[in-house]
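Participant: any chance you can model this:
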Amino acid sequence: MGTLILRWFFSRTVRRAVDMCRQVRKLIQAQRDLLAPEKIQEISRAARELKGAIVTGETLDDLRSRMKNLEKAANDILLPYPSASIRENVEVFLVTGAVVLALRTFFFQPMAIPSGSAQPTLWGITSQNLNDKPEVEIPGGLRRLWQACWSGIHYFHGVAEAEGELRIDPTEKIWKFVNRQTLWVGEKKYTFWFTTDPPEDLASRAGLSQRQGQLIHAGEEFIKLRVVSGDHLFVNRMTYNFRHPRRGEIIVFSTHDIDRHLRTYQGYRILVENTHYIKRLIALGGEHVRIRNDRHVYINGQRLDASTPGFENVYGFDPNHLAEKDQYSGHVNDSGLAPLFPDESTELIVRPHYLLAFGDNTMNSFDGRAWGDFPEEKVVGKSSFVFWPIGGRDRIPSRFGWGYR
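Facilitator: Purely as a prediction, here's the structure:
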């Protein structure tokens, strides 16, 4: 067997012979009900002779001779397929699609970060209205394309050709990933296409909602918006098949059919259904949780701090500085931000087989401080490789790869 493997590795002729045997056997099986038994025996005998020559280590000239015999038998006996090249391409496409679906289902599922609740660990969609910054120029051509592909930076720019009132049509979802925003200045129509990343509230982010019905002058830049895509990552679906989630890991969970499991706040269930959330795991089933005024979580009376695995950055903040958005500031208790943790004396007990998760951006995160724990069975996987954007942007470093924290 070892010799055969070496011959296959070093000899192109051996590789072609092995492939020919495999292809002929496949065609025989496909046409078995169409061919006469004696024809099947004839071509099968030629295939066995070639396979025997491969196994016994016959010379390359003998292999080529037996390959010619098998090729002749195949051409004489096997039935030709109409549009064989198209059939082969379709087969390759279907096999590739099946492999991709299998990888997505059982190993790595792609996910886009839509919001800023995990910042600055993982960045969601951010935007900047440039209407009040006339000095900022909109790049064009290759530079604009490069920024979109490399750093996920998109620009939406419109200059009025004639004077007229601004009208905004509702955003239209053309396809699952494609949206269209139509703006009117007088009778002139301006159409902007975008995927679900950039966001659907394009007009609001551009500051146009307040200007609806206002007069736009000819030559005026009525939309000048810069949108930066959120991080796109692969969710590792394999690991939790072999072990339970661990505190400090960034997990992804589904809210499909989760409504009946949730606690209520003032009579309302407040977790959005049929979507995915990405948060850092804080507590496991049966644990007692408090958020004290020092902005640290306490589990069963034990404080989580920067020495706790997974919380090196979250609790690495300066306690003399006030908590800020998009900065590591620990975790805040507050009746507005954290209705389930209105003060440091409030304690939440995580239900058995449930988990509690918070966002890293504690001043701008809708998380378990508001909607409580969720069933462990809803966990999809843990965050893994960030595959896009590749480059950083502005003062935000790139998180491309495995090493983001």
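Participant: the longest strand belonging to the chain: which residues count as buried?
Facilitator: Taking DSSP state E as the criterion, the chain has its longest strand at strand 379-388. For strand 379-388, burial by neighbour count (16 or more other C-beta atoms under 10 Å) applies to 379, 380, 381, 382, 383, 384, 385, 386, 388. Bear in mind the C-beta positions are built from the backbone N, C-alpha and C, glycine included.
Participant: which neighbouring elements make contact with it?
Facilitator: Counting contacts by 3 or more C-beta pairs under 8 Å, 6 or more residues apart in numbering; DSSP states H and E, strand 379-388 is packed against strand 108-112, strand 232-236, strand 250-254.
Participant: low-scoring stretches of the stretch 101-250 of the chain, by residue?
Facilitator: For the stretch 101-250 of the chain, residues meeting the criterion pLDDT under 70 lie at 102, 104-106, 176, 196-200.
Participant: quick one: the helices in it?
Facilitator: 141-151, 202-205 (DSSP state H, counting those that start in this stretch).
Participant: comparing these, which comes out most buried?
Facilitator: Stretch with highest mean neighbour count among those: helix 202-205 (a mean of 20; mean count of other C-beta atoms under 10 Å).
Participant: make JSON lines from the helices and strands packed on strand 379-388 and add mean neighbour count and distance to residue 365 to it.
Facilitator: As requested, those are exported to JSON lines (neighbours: other C-beta atoms under 10 Å; distance: least, C-beta to C-beta, whole Å):
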{"stretch": "strand 108-112", "mean neighbour count": "17", "distance to residue 365": "17"}
{"stretch": "strand 232-236", "mean neighbour count": "20", "distance to residue 365": "18"}
{"stretch": "strand 250-254", "mean neighbour count": "21", "distance to residue 365": "13"}
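Participant: tell me which of those lies nearest to residue 168.
Facilitator: Evaluated over the helices and strands packed on strand 379-388, closeness to residue 168 peaks at strand 108-112, with 25.3 Å, by C-beta to C-beta.
Participant: what angle do that closest one and strand 250-254 make?
Facilitator: Here strand 108-112 runs at an angle of 90 degrees relative to strand 250-254 (axes from the mean of the first three to the mean of the last three C-alpha atoms, to 10 degrees).
Participant: rewinding a little: out of the buried residues of strand 379-388, which two sit at the greatest distance?
Facilitator: Every pair of these checked by C-beta to C-beta; the farthest is 379 and 388, at 23.8 Å.
Participant: re the thing from before, and which of the buried residues of strand 379-388 is nearest residue 141?
Facilitator: Nearest member of those to residue 141, counting by C-beta to C-beta, is residue 388, at 21.8 Å.
Participant: confirm for me that that closest one is in contact with residue 234.
Facilitator: No: using C-beta atoms under 8 Å, residue 388 is not in contact with residue 234; the gap is 10.4 Å.
Participant: which neighbours do the two share?
Facilitator: Listed as contacting both residue 388 and residue 234 by C-beta atoms under 8 Å, 6 or more residues apart in numbering is no residue at all.
Participant: hang on, the earlier thing: which residues are contacting the longest strand of the chain?
Facilitator: 108-110, 122, 152, 229, 231-240, 245, 249-254, 276, 278, 355, 399-402, 404.
Participant: domains of this structure?
Facilitator: The chain breaks down into these domains under automatic domain parsing: 2-77, 126-228, 232-388.
Participant: reformat those as JSON lines; add distance to residue 97.
Facilitator: Shown next, in JSON lines, are those (distance: least, C-beta to C-beta, whole Å):
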{"stretch": "domain 2-77", "distance to residue 97": "20"}
{"stretch": "domain 126-228", "distance to residue 97": "17"}
{"stretch": "domain 232-388", "distance to residue 97": "18"}
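Participant: so what's residue 280 up against?
Facilitator: 118, 121, 248-251, 310-311, 314, 357-360.
Participant: got the confidence number for it?
Facilitator: Per-residue pLDDT puts residue 280 at 96.
Participant: is it bridged to anything, and to what?
Facilitator: Taking DSSP bridges as the rule, residue 280 bridges to residue 250, residue 358.
Participant: how far away is it from residue 272?
Facilitator: Distance, residue 280 to residue 272, using C-beta to C-beta, to the nearest Å: 19 Å.
Participant: then residue 113?
Facilitator: Using C-beta to C-beta, residue 113 is found at 15 Å from residue 272.
Participant: those two: who's more crowded?
Facilitator: Taking neighbours as other C-beta atoms under 10 Å, residue 113 and residue 272 compare with residue 113 leading, 23 against 13.
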